[in-house]
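A.B. asks: need the 3D shape of this:
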Amino acid sequence: MFATRAFRQAAAHGAERTPLIRFIGRREIPSNVDHSPHPHPASPTGSLPTNFGKGNGNSHTSFSSYRDSAQQHGPLRKSLGAQAASRLGPVEAPKGQYFDRNELPERFRRAPLTLAEIEAIETGGAAHFS
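C.D. replies: Numbering: from 1, shown residues only. Here you go, the predicted model:
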């Protein structure tokens, strides 16, 4: 009811408002940025892995080379349609992992709903109070 009045007062005094966050110094882009790999500050050893950057197949010298060989729900390469899906490998879950709940052993599957439960869901529970 009085929200409009509060907004008008806030807008009228908007020129006097000062932000609570203050930044020190000018904004400027650094002239020299070091992009060379270095260990994380919290690394227990304080050094990069011994095979880092050797190019032995499982080590990458840059993020671009890593991304070219990385997989996340399939390959991330730019040319996905270049090869047939059958050549990407099996689509079977590894041992001990399942894609669907119905593939689990019987004791882990969901119990089927009874007719009473279905009716209670469909009526929102109103059938129990009639």
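
A.B. asks: for this protein, where's the lowest mean pLDDT among helices and strands?
C.D. replies: helix 63-69 (a mean of 70; mean pLDDT, DSSP states H and E).

A.B. asks: tell me where the protein has helices.
C.D. replies: 3-12, 63-69, 115-122 (DSSP state H).

A.B. asks: would you mind giving those as TSV with mean neighbour count and distance to residue 19 added?
C.D. replies: Placement of C-beta: from N, CA and C, glycine included. Output for these, formatted as TSV (neighbours: other C-beta atoms under 10 Å; distance: least, C-beta to C-beta, whole Å):
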stretch	mean neighbour count	distance to residue 19
helix 3-12	9	14
helix 63-69	12	36
helix 115-122	11	52
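
A.B. asks: out of these, the one nearest residue 88 is which?
C.D. replies: helix 63-69 (13.7 Å; C-beta to C-beta).

A.B. asks: picking up where we left off before, turn the helices of the chain into a markdown table, including distance to residue 39.
C.D. replies: Formatted as a markdown table, the helices of the chain follow (distance: least, C-beta to C-beta, whole Å):
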| stretch | distance to residue 39 |
| --- | --- |
| helix 3-12 | 50 |
| helix 63-69 | 16 |
| helix 115-122 | 56 |
